[in-house]
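Asks: Sharing a model that was predicted from the sequence below.
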Number of protein chains: 2
Amino acid sequence: MTVSLDEVRAAAERIAGRVRRTPVIEVAPGLTFKLELLQHTGSFKPRGAFNRLLTAKESGELTGQGIVAASGGNAGLAAAYAARELGVPARIFVPENAPAPKVGKLRTLGADVVQIGNEYAEAYHAAVEARDASGALLVHAYDQPEVVAGQGTIGLELLEQAGMFDTVLVAVGGGGLIAGIATAIADNAQVIGVEPVLAPTLHRALEAGEPVDGSVGGVAADSLGARRIGDLAFAAAQEYGVRSLLVEEDAIVDARKELWHDYHLAVEHGAAVACAALSSGVYRPAAGERVVVVVCGANTDPSTLT
Amino acid sequence: MTVSLDEVRAAAERIAGRVRRTPVIEVAPGLTFKLELLQHTGSFKPRGAFNRLLTAKESGELTGQGIVAASGGNAGLAAAYAARELGVPARIFVPENAPAPKVGKLRTLGADVVQIGNEYAEAYHAAVEARDASGALLVHAYDQPEVVAGQGTIGLELLEQAGMFDTVLVAVGGGGLIAGIATAIADNAQVIGVEPVLAPTLHRALEAGEPVDGSVGGVAADSLGARRIGDLAFAAAQEYGVRSLLVEEDAIVDARKELWHDYHLAVEHGAAVACAALSSGVYRPAAGERVVVVVCGANTDPSTLT
């Protein structure tokens, strides 16, 4: 099952005015950045969260019970932000060891933060139980059709903003972003996933022929820390022939520093992954090839940039 | 004497492909940022520097002696960058107490850095002497027609990118940026200068009826540290009715933190000055007024953002 282009188009209409239409910049001849790090809450995730909440509002599924989500990262921030904007309560489940600054950010957005268990899986289980008990709406970090369709609106914007291009490089964690973008771009350009060697969810799935669990780690684990690729993302990758390239830890660290030094963009490690494919030479564009890189998140400690 | 719109248009043609066409983003209804901090070297200054160098190249004034400039800040970086790109040597004069990281950045760009005297005026004097002795081209930080015309290309881009708008808020130091933008925008919108209370070059000049020297200080002095407004800027301010608003130190510090927290833009204090006019309430847009803020520099230590 994949999300359709019509669903992405409907998402764009639904979330218009709720999310920022983030700009593109041609940083060098043939190389364009989509500056999605300038989105509300500092990542692309509000697009999917708003589409999930607003769809549920239309159908009556979003009630005074509000929403639940499991994430101490960008997905949690986005869910809390969307809930606040739509005036419904948000309960966000995070592991007990979630960093205090992230918990603080969620609380600043008005979320009820529940710290439970030692890892993400336990927080997710608690969120599902809370949904079952209360009737609140569960907002998944990546593997729901409304979430994928929302992230896909980035692809629609690119088709309008970036002129003609051949290739889009996108970081992959759970795969919501790349699934949406591949759906929106379809055969207008090739969409290539880039993953840390220590968190290769799409790579493993393409090798195995299906989503499989694996270990997760490395510098980008806070934003690309899913154990397996989402079913929707795997289906979209197959449908649109999405490849996966792997980048080393050093390349990610270097690319993040380069994004600061050369472009004055302060990004999290996960958002440097797609750039790392270029700067490390893992992906070498052909002569004249026009490449777009989605720069997708800025939730980082800026003191670590220099 | 003022720079003409034709000179700004000619500058845009001359520097096309040398500078980045920086994007705009509507961050809230009626509030648009021009993201000039994403320009090469992290500020708007390469626009003016390239226009100065390329004009001199056309006229034969730019020789193998290259350029000289006096600045330990954004103007020096821009002059060094433009010289490197055009393949001519750059000698940059800075005070002996110039911070090592800035000197290092200039050297990384291939400049010959000369540390001399205790303050900017002495470095400038040395640059003029070097120009007289060698025949190198002097690139002024703000008060040359080619420099003003180059900065004005930001205004031409705004007219194309930002749709209809009523007001542009611009930080003022030596005034090259606001002079160029006022010339480009002319009567399409009002252009308002914003200055730190501790470095009010335009404010003082408008009160005195002419550019006057004054003291300089405060958190933004590294980028808005001119002692007096340029003659070209003062003339443009009179021609186009440019006002000056003053913002307190605290408001600048707060606006810089807000730009990071709310928009994930890492800016230097000078680039937060224009935003500070809005966030502090010194400038209150009317209902429905469409405001553009030029976010003009990112040469900052990111560890001081949080």
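Replies: That came in fine, so what should we check first? Worth saying up front: this structure is predicted, and the values here are computed from it rather than measured.
Asks: tell me which parts of chain A are close to chain B?
Replies: Counting by C-beta under 8 Å from any C-beta of the partner chain, chain A comes close to chain B at A:17, A:20-27, A:29, A:35, A:37-38, A:42, A:260, A:263-266, A:298, A:301-303, A:305-306. Bear in mind the C-beta positions are built from the backbone N, C-alpha and C, glycine included.
Asks: filter those to the buried ones?
Replies: Neighbour-count burial (16 or more other C-beta atoms under 10 Å in any protein chain shown) applied to the residues of chain A next to chain B gives A:20, A:22-27, A:35, A:37-38, A:42, A:260, A:263-266, A:298, A:302, A:305.
Asks: Now, these that are in helices?
Replies: Among these, the ones falling in helices (DSSP state H) are A:260, A:263.
Asks: what's near enough to touch the closest residue to residue A:233 other than its chain neighbours?
Replies: In this structure, residue A:233 finds its nearest non-sequential neighbour in residue A:175, 2.4 Å apart by C-beta to C-beta, 6 or more residues apart in numbering or on different chains. By C-beta atoms under 8 Å, 6 or more residues apart in numbering or on different chains, the residues touching residue A:175 are A:142-143, A:193, A:201-202, A:226, A:229-230, A:232-234, A:236-237.
Asks: For residue A:213, grab the count of nearby residues.
Replies: By other C-beta atoms under 10 Å in any protein chain shown, 10 other residues sit near residue A:213.
Asks: now the one 4 residues further on
Replies: Residues lying near residue A:217 (other C-beta under 10 Å) number 12.
Asks: Report pLDDT for it.
Replies: For residue A:217, the model assigns a pLDDT of 89.
Asks: do the same with residue A:304
Replies: 90.
Asks: Can I take it that residue A:164 is in a helix?
Replies: No - assessed by DSSP: H, G, I helix; E, B strand; the rest coil, residue A:164 does not belong to a helix; its assignment is coil.
Asks: Quick check: next helix or strand after the strand or helix carrying residue A:147?
Replies: Residue A:147 belongs to helix A:145-161 when assigned by DSSP states H and E. Later in the chain than helix A:145-161, the nearest helix or strand by DSSP H and E is strand A:167-171.
Asks: now the strands: where do they sit in the stretch 201-306 of chain A?
Replies: All strands of the stretch 201-306 of chain A, identified by DSSP state E, counting those that start in this stretch, fall at A:243-247, A:291-295.
Asks: okay, these, which one's buried deepest?
Replies: Scoring the strands of the stretch 201-306 of chain A by mean neighbour count under mean count of other C-beta atoms under 10 Å in any protein chain shown gives strand A:291-295 as the most buried, with a mean of 27.
Asks: in its sheet, what does it sit against?
Replies: strand A:31-35 (parallel), strand A:167-171 (parallel) (DSSP bridges).
Asks: okay, residue A:96: pLDDT?
Replies: pLDDT, read off for residue A:96, is 88.
Asks: quick one: low-confidence ranges for chain A?
Replies: Applying pLDDT under 70 to chain A flags no residue at all.
Asks: ok, the longest strand seen in it: who's next to it in the sheet?
Replies: When chain A is parsed with DSSP state E, its longest strand is strand A:190-196. If you go by DSSP bridges, strand A:190-196 pairs up with strand A:167-171 (parallel), strand A:243-247 (parallel).
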